[in-house]
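Peer 1: Give me a model of this one.
(2 chains)
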Amino acid sequence: MAKAEAPGRGERVVVAMSGGVDSSVAAALLVERGYEVIGVTMQIWPQEEPLQEARQGGCCSLAAVEDARRVADRLGIPYYVVNMRDVFAETVIDYFVAEYARGRTPNPCIACNRFVKFSALLRKARELDARYLATGHYARVWFDAEQGRHVLARGRDRHKDQSYVLYNLTQEQLAQVLFPLGELTKGEVRRLAAERGLPVAGKPESQEICFITEEAYGDFVAARAPDKVRPGPILDRAGRVLGTHRGLVFYTVGQRRGLGVSSGKPLYVLEIDPERNALVVGPAEETLSGGLEAGDVNLILLDWEELRAARDGIAAEVQIRYRSAARPAVVRAAGGGRVEVWFASPQRAVTPGQAAVFYRGDLVLGGGVIERPLDGQHGGRRDGGALHGEGLPVAD
Amino acid sequence: MRRVYLDHAATTPVHPDVAAAMQRALAEGWGNPSSAHAFGREARRLVEDAREEVAALIGARPQEVVFTSGGTEADNLAILGVARLAREKGRGDHVVTSLVEHHAVLHACEYLEKREGFRVTYLPVDGHGMVDPDDLRRALTDRTVLVSVMLANNEVGTIQPVRELAAIARERGVPFHTDAVQAAGQIPVDVGELGVDLLSLSAHKIYGPKGVGALYVRRGLRLEPLLHGGGQERRLRPGTENVPGIVGLGAAARLARAELPRLGERVAALRERLIAGVLDRIPDARLNGHPERRLPGNANVSVRYVEGEAILLNLDLKGVAASSGSACAAGSTEPSHVLVAMGLPEHEARGALRFSLGRENTEADVDYVLEVLPPIVERLRRMAARPAAFPGAGLGHGQG
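Peer 2: The predicted structure is shown next:
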């Protein structure tokens, strides 16, 4: 595949800086490559947030602004804090609450990348007359002349790869982004930071959802959508009532602990049914699904024509949560802009609201939001391996 | 790259004479002004010399000048100090201010309202940002213990009819405070002529250092201190004096008095050149604030269809320092409370841009701004006209 690295000398780039090691090194590398770099941090917290309760860790916290400003000073680049409060509240926090309230488990980082970083912030970058927006994501992007497309690929560091949370980027967006860390490992990034004396080389990683600090996700949602939180029945597949749940927002598909139902064997959340306000549970083997249906699909290396033309579907590896391996599957066009994914072997805890991202090797073909698991099998076998569906990790 | 500083309402460069006076104070006046010995007396002399300079600038007696840590503290001391003592004496619990005050005044009043059970009336303003004296007349009650209306607005530069307002308050026996932080050094300020009882000043807006200001307290007016400690500043502001800062304020006040009438005229001429150029070269731009009754250095314009913040950052990248509203509110997308109070539609308030000129600006500075600003606005407007180029930049979760 032809890989064109833009030389970009003197071109203006806006770097989204969080004060963390990744975006700091990204900014430093761009400066060293001769770009005209402008640092920017998004302000996403409500204005009323008192300073003494400054949140730690999150990529856009108040502490992050101070750290990022220091790094920008060090690099000798202009630095601005841009206000993204409204768009963040609307497209990330409200979306997160609404999705939970209808029984789904959203990935807010995907929403943030799609609507905030690579839309509203990209727009800010354009307003600053920048050619590119760069971030510290571990992913790669390049233009493939043969296909006439911009390509999104996993970061070289497979443990840190963040292409999963970027699958929504369109060709137009991909044409305007740079990921300077895509070819590096986290270890290399830390070393580069240390060599440059960047003050953030030793900062700990954050894995939590940035806008929820101490409370449990369910409590966060319950506080914002109290009318959606009502106790209701815990049912088995046959409709028998096994107990009472506290409110659907406190549960996630695949969850085992905290159900308060005693049974001969461990029970898992199979389904969250907001229409009946019911939690459907069952034994481990019932958490397996042969496939899934995904909507709100974005295609990068495919197009719909190609997908519809492939009668047997397109072979891919499909990843259904941020930190899990992609599994062999077939992706097929379904009606209404949706796709069906059939796995070579059944997958546990297919969770509505999470993303299904389609890969071919390192390349992102596209992805969509999981609408529902599909029963039945598609040339696979049932295998009930060990399950650990406690909490679904999310990325920043 | 050429650098042009047009943000004097945020802060001003320290004048070399001020810096030199402060240097001397640091080197020679390091004694504690409260000490009885020669070292202390030397420092005390510096403080009192500065007090005379500040008093001379505003037509006050030196004993009526209380040094503070800046304009914000002066405002808080005036408002909290008068209101609390008045209530303790059973004189009332009502404060009158305006909707367009600096946050140092507004938030102090809101604090009295929310935490200490006071009632506060916020006077409206007209389209030019002016308070109507009749509104004050109607707002005063037997329970009113303080009126606070600024002399000139920090965002739009509108000069309030403080003399008339203070007279109305005096008829009712209500103390009157004015925040003159922006006005001082730009227009003549005389406490006797204005008829005010309290007046706030800040050094760093008049080519002095940050971290020092003063409150004029008319002789005979009592107020509660905010801080408690030693007996400095007639117990109104305990704490060992910031001698070099106070010396800096004194030097800045002396300078302001010497330059006052001519400097204002010169800066106003530059300001007119800027306003005329902007309105001429940028379609759909308008001047905010009063056409005549405005500070010499202030030019506040709204550029329709563009966010002020976007223009600002692009100007910065061209070396031009301006502001979109008050520096204290930077980074907030909330449209300025001043422009909203003046009745500007939200989109025009968001497109507001404040240029504040000062003593070191030249015609060439203004011409440089007039050269770089129009293309920035044009480019941003072209972008705003084609939002479809940024899929997903809108809202909702449609296709991306």
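Peer 1: what about the stretch 201-350 of chain A, any weak spots by pLDDT?
Peer 2: Counting by pLDDT under 70, the stretch 201-350 of chain A has low-confidence residues at A:201-208, A:213-214.
Peer 1: What residues does residue 101 make contact with?
Peer 2: If you meant another chain, say so; for now it's chain A. A:221, A:225, A:228, A:249, A:274 (Cβ atoms under 8 Å, 6 or more residues apart in numbering or on different chains). Glycine gets a C-beta too; all of them are placed from N, C-alpha and C.
Peer 1: please go with chain B instead
Peer 2: Contact analysis of residue B:101 by Cβ under 8 Å, 6+ apart lists B:109, B:148-150, B:179.
Peer 1: Need the three-state assignment for it.
Peer 2: With DSSP: H, G, I helix; E, B strand; the rest coil as the basis, residue B:101 sits in coil.
Peer 1: rewinding a little: so which of the contacts of residue A:101 wins on neighbours?
Peer 2: Tallying neighbours with other Cβ atoms under 10 Å in any protein chain shown puts residue A:249 at the head of these, with 27 neighbours.
Peer 1: before we move on, back to that, return the closest of the contacts of residue B:101 with respect to chain A.
Peer 2: Set against chain A, the nearest of those by Cβ to the nearest Cβ is residue B:109 (18.1 Å).
Peer 1: Could you pull up the contacting residues of that closest one?
Peer 2: Taking Cβ under 8 Å, 6+ apart, one finds B:79, B:95, B:97, B:101, B:118, B:120, B:122, B:148 in contact with residue B:109.
Peer 1: who wins for neighbours among those residues?
Peer 2: Among these, residue B:79 has more neighbours than the rest - 30 neighbours, counting by other Cβ under 10 Å.
Peer 1: Check which helix or strand it maps to.
Peer 2: Secondary structure assignment for residue B:79, by DSSP states H and E: helix B:71-88.
Peer 1: Then residue B:32?
Peer 2: Going by DSSP H and E, residue B:32 is not part of any helix or strand.
Peer 1: Surely residue A:329 and residue A:319 touch.
Peer 2: No - applying Cβ atoms under 8 Å as the test, residue A:329 and residue A:319 come out as separate, 9.7 Å apart.
Peer 1: of the two, who's got more company?
Peer 2: Taking neighbours as other Cβ under 10 Å, residue A:329 and residue A:319 compare with residue A:329 leading, 29 against 25.
Peer 1: what's the distance between that one and residue A:343?
Peer 2: Applying Cβ to Cβ, to the nearest Å, the value for residue A:329 to residue A:343 is 5 Å.
Peer 1: Now the common contact residues for those two.
Peer 2: Counting by Cβ under 8 Å, 6+ apart, the shared contacts of residue A:329 and residue A:343 are A:291, A:318.
Peer 1: For residue A:292, grab the count of nearby residues.
Peer 2: Number of residues near residue A:292 (other Cβ under 10 Å) recorded here: 25.
Peer 1: Please look at residue B:139 and residue B:98 and confirm they touch.
Peer 2: No - judged on Cβ under 8 Å, residue B:139 makes no contact with residue B:98 at a distance of 10.1 Å.
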